[in-house]
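Chemist: Sequence and predicted structure are below.
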Number of protein chains: 2
Amino acid sequence: MQHIKETLQQGLNDFIKSNSGNPKELYEPINYSLSLGGKRLRPILLMQVCEAFGGDIQTALPAALGIEVFHNFTLLHDDIMDNAPLRRNKPTVHEKWNSNIAILSGDTMFVKAYQLVLQTKHPKIIELLALFSKTAIEVCEGQQLDMNFETIPNASINDYIRMIELKTAVLLAASLKMGSIIANASDNDAESMYEFGRNVGIAFQLQDDILDVFGSQENFGKMVGGDIACNKKTYLLLKSIELANPKQQMELSHWLSYKDENIIPKIEGVKEIYRQLDIRKHAEQKMQDYLELALVYLNKSSLNSESKLMLQAFADELMVRVN
Amino acid sequence: MQHIKETLQQGLNDFIKSNSGNPKELYEPINYSLSLGGKRLRPILLMQVCEAFGGDIQTALPAALGIEVFHNFTLLHDDIMDNAPLRRNKPTVHEKWNSNIAILSGDTMFVKAYQLVLQTKHPKIIELLALFSKTAIEVCEGQQLDMNFETIPNASINDYIRMIELKTAVLLAASLKMGSIIANASDNDAESMYEFGRNVGIAFQLQDDILDVFGSQENFGKMVGGDIACNKKTYLLLKSIELANPKQQMELSHWLSYKDENIIPKIEGVKEIYRQLDIRKHAEQKMQDYLELALVYLNKSSLNSESKLMLQAFADELMVRVN
């Protein structure tokens, strides 16, 4: 695991060093974005799975870097669209420079991601690029669905799951599948890894929704209650709309149209309804369902038990922030 | 020629028909952009050159479509950055929808362009994708240089030529090279076609600068004098700054800081200085230099004389709007 992290970090450093030139307005924001940190989950997983199937992590490195650069490109453009001032506690690119530079350096970053994946020396390079492209389109669809979601009147839980699947889960799934393909895993194994990643990804987003309400600042790293404050239609809110009795419906409506600057009563009020409806348990159950489904796919694969345990540990670790 | 136009139009129609799905906010702007028309220069040339080197235009079609979709993606994002209200006399995507939709449908369109190029059935597909990627980066660099250009104090003519080379010429060049590669032309021929396209592309942009000042509304299709009105640092302005005597320098400075709403005196004033300095002749000479260089590369190629004449006719036709 440590050797994978080191190889990835070296690759990222080399990429950043090579990614210079004129005009600097195009290249500095790319390197800035990539230097903000992050867990590097997707590229690490891609390389781990590649190794688990007997592949060479050096062969997998360009695709792993491509996935990480692509992921950070989507954050860069999403931050413009969401008008977000901060990313990992630092100014976003459109704040630090401006929107035009953020659009164009993002576009450049997207090409760089393709160039990295293109460097993969593998007979199935076209399949890798096709999967990468299909996934990129899905991530765009997920972002658009997310933006639409806040304005549609009757969002269903299924709509929500589909949105987070596209916005978050498919890139994790594609990372695992690309690592498998590079290791020459069988089609069945590559598909099992995709489904493992897709289900873990959905569980991970549900976990994020739970932590936003019930986590502590310390283990969440973001402002607790942020989703409630901005009426974000998460699984928790949608499930409580489904389960609420008429009195609770009225209370929810009250808080959803609450305009006072002091947001604390709203956060506490909505949390109280969540408690009455046992929403945390419902959300954790849903998350658990996806995790179990993920493990079904993991166990379908031909990986040895050590590798299965490693991937199961990864999934558990993702979820460890629940307390 | 007619069969190429028809094949391309059929391909575009098929692409637009297949390009549907949810969320519609992502797909409608793409089809809208592609339906605004345009001369389809780049894909037509790609297919023409492919045929000239004995290749099959059906094999070249996906790459030709990819180039056209990419070109329209750059226009879509450029229009956000330039805050342009109209494109081909129709509202731009960010005006008709909004900036967020324009950013994200543009990103999606970019992936679609890659997906089209990826469909090319050719042993050199990786080389095609690498050229496409390199060119995409250069077009982004050109757009950034163009945005920077308006604010740097001492822009040189060389800077200007480099900017239009990246923003306009390299995509024409890459189209010709891709058509050659798909037809299995030799490396020398593919490179000659690239240089032919690059030089024609620079000449074409110089021509556009000339027409913006000296053309008629009728044969230009845009507002004549627009570049003068917004102090655009074209070849004509930069050359006149170079050649002006102290009195003309002062007059130019006056017009460049002119703020009156009635823009006619400014346009006439700057045109008068251009006339005194014979700027049109200088610009036409520069354009001619690039055209001649283009023909040197064309003649270096192993194309038969009929094909050479066809490509020369194309270059002449591009320039025909001078009168």
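Modeler: Noted; the coordinates are in hand. Every value quoted in this text rests on a predicted model; they were computed, and no experiment measured them.

Chemist: use CA for all of it now, contacts and neighbours both
Modeler: Noted.

Chemist: by contact count, what packs against the longest helix along chain A?
Modeler: As assigned by DSSP state H, the longest helix anywhere in chain A is helix A:187-214. Helix A:187-214 makes packing contacts with helix A:157-164, helix A:170-182, helix A:226-229, helix A:235-243, helix A:279-300 when contacts are defined by 3 or more C-alpha pairs under 8 Å, 6 or more residues apart in numbering or on different chains; DSSP states H and E.

Chemist: Deepest in the core, which of the ones you listed is it.
Modeler: helix A:170-182 (a mean of 29; mean count of other C-alpha atoms under 10 Å in any protein chain shown).

Chemist: any idea how far the residue in the stretch 201-323 of chain A that chain B sits nearest to is from A:Gly269?
Modeler: Residue of the stretch 201-323 of chain A nearest chain B, by C-alpha to the nearest C-alpha: A:Lys233 (17.8 Å). Look at A:Lys233 and A:Gly269: by C-alpha to C-alpha, to the nearest Å, they are 16 Å apart.

Chemist: Which one of the two is surrounded by more residues?
Modeler: More crowded of A:Lys233 and A:Gly269, by other C-alpha atoms under 10 Å in any protein chain shown: A:Lys233, with 20 against 17.

Chemist: Quick check: closest non-adjacent residue to that one.
Modeler: Spatial nearest neighbour of A:Lys233, chain neighbours left out: A:Glu150 (6.8 Å); criterion: C-alpha to C-alpha, 6 or more residues apart in numbering or on different chains.

Chemist: hey, where'd the strands end up in chain A?
Modeler: A:86-87, A:90-91 (DSSP state E).

Chemist: and of those strands, who's closest to chain B?
Modeler: Short answer: strand A:86-87, nearest of the strands of chain A by C-alpha to the nearest C-alpha, at 18.2 Å.

Chemist: residues in contact with the closest one?
Modeler: Contact with strand A:86-87 is made by A:Thr92, as judged by C-alpha atoms under 8 Å, 6 or more residues apart in numbering or on different chains.

Chemist: how about the longest helix of chain A: buried residues?
Modeler: A:189-214 (16 or more other C-alpha atoms under 10 Å in any protein chain shown).

Chemist: quick one: it to chain centroid distance?
Modeler: Counting by C-alpha atoms, centre = their mean, to the nearest Å, helix A:187-214 is centred 9 Å from the centre of its parent chain.

Chemist: Averaged pLDDT, it. What do you get?
Modeler: Average pLDDT, helix A:187-214: 96.

Chemist: and if you look at stretch A:107-120?
Modeler: Stretch A:107-120 comes out at a mean pLDDT of 98.

Chemist: Not counting its own residues, what contacts it?
Modeler: Residues outside stretch A:107-120 that contact it (C-alpha under 8 Å, 6+ apart): A:26, A:30, A:59-60, A:62-70, A:73, A:125, A:128-129, B:107, B:126, B:129-130, B:133, B:136-137, B:140.

Chemist: For the buried ones among the residues you listed, write the corresponding PyMOL selection.
Modeler: Only the buried entries of the contacts of stretch A:107-120 go into this PyMOL selection, using 16+ other C-alpha under 10 Å:
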select buried, (chain A and resi 26+30+59+60+62+63+64+65+66+67+68+69+70+73+125+128+129) or (chain B and resi 107+129+130+133+136+137+140)
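
Chemist: Just the contacts of stretch A:107-120: which are in helices?
Modeler: A:26, A:30, A:59-60, A:62-70, A:73, A:125, A:128-129, B:107, B:126, B:129-130, B:133, B:136-137, B:140.

Chemist: Low-confidence stretches in the stretch 201-323 of chain A?
Modeler: When residues are selected by pLDDT under 70, those of the stretch 201-323 of chain A lie in A:217-223, A:320-323.

Chemist: what does it have sitting close to chain B?
Modeler: On the criterion C-alpha under 8 Å from any C-alpha of the partner chain, chain B has no neighbours in the stretch 201-323 of chain A.

Chemist: quick one: contacts for the closest residue to A:Lys300 other than its chain neighbours?
Modeler: Closest residue in space to A:Lys300, ignoring its immediate chain neighbours: A:Ser192 at 6.7 Å, by C-alpha to C-alpha, 6+ apart. Residues near A:Ser192 by C-alpha under 8 Å, 6+ apart: A:297-298, A:300-301.

Chemist: Could you check how far A:Met287 is from B:Gly11?
Modeler: 45 Å.

Chemist: one step back: what number of neighbouring residues does the residue nearest to A:Lys233 come out with?
Modeler: Count around A:Glu150 with other C-alpha under 10 Å applied: 13.

Chemist: Need the phi and psi values for it.
Modeler: Torsion angles at A:Glu150 (phi, psi; degrees, to the nearest 10) stand at phi -70, psi -20.

Chemist: Same check on A:Pro123?
Modeler: Torsion angles, degrees, to the nearest 10, at A:Pro123: phi -60, psi -30.

Chemist: dump the residue contacts of A:Arg198.
Modeler: Counted by C-alpha under 8 Å, 6+ apart, A:Arg198 has contacts A:165, A:169-170, A:172-173, A:294.

Chemist: and with 7 Å instead?
Modeler: By C-alpha atoms under 7 Å, 6 or more residues apart in numbering or on different chains, the contact set of A:Arg198 is A:165, A:169-170, A:172-173.

Chemist: Excluding covalently adjacent residues, which one is nearest to A:Val49?
Modeler: Take A:Val49 and drop its neighbours on the chain: the residue closest to it by C-alpha to C-alpha, 6+ apart is A:Gly179, 5.5 Å away.

Chemist: Quick one, which of the strands of chain A gets closest to A:Asn158.
Modeler: A:Asn158 lies closest, by C-alpha to C-alpha, to one member of the strands of chain A: strand A:86-87, at 28.7 Å.

Chemist: Now that closest one: average pLDDT?
Modeler: In the prediction, strand A:86-87 has an average pLDDT of 90.

Chemist: Neighbouring strands - and their directions - for it?
Modeler: strand A:90-91 (antiparallel) (DSSP bridges).

Chemist: Residue numbers of the stretch 51-200 of chain A in contact with chain B?
Modeler: By the rule C-alpha under 7 Å from any C-alpha of the partner chain, the part of the stretch 51-200 of chain A lying against chain B is A:81, A:100, A:104, A:108, A:111, A:115, A:133, A:137, A:140-141, A:144-145.

Chemist: residue ranges with poor pLDDT in the stretch 51-200 of chain A?
Modeler: In the stretch 51-200 of chain A, no residues with pLDDT under 70.

Chemist: residues in contact with the residue nearest to the spatial centre of chain A?
Modeler: Nearest to the geometric centre of chain A sits A:Thr168, at 3.8 Å (C-alpha atoms, centre = their mean). Shown in contact with A:Thr168 (C-alpha under 7 Å, 6+ apart): A:Gly201.

Chemist: ok, now the one 3 residues further on?
Modeler: Contacts for A:Leu171 were tallied using C-alpha under 7 Å, 6+ apart; they are A:Thr135.

Chemist: can you do 6 Å?
Modeler: With contacts defined as C-alpha atoms under 6 Å, 6 or more residues apart in numbering or on different chains, A:Leu171 has no neighbours.

Chemist: what do you get for A:Asn100?
Modeler: A:Asn100 neighbours (C-alpha under 6 Å, 6+ apart): B:Met81.

Chemist: Quick check: it vs B:Ser99, distance?
Modeler: 11 Å.

Chemist: can you check A:Leu46 too?
Modeler: Taken as C-alpha to C-alpha, the span from A:Leu46 to B:Ser99 is 34 Å.
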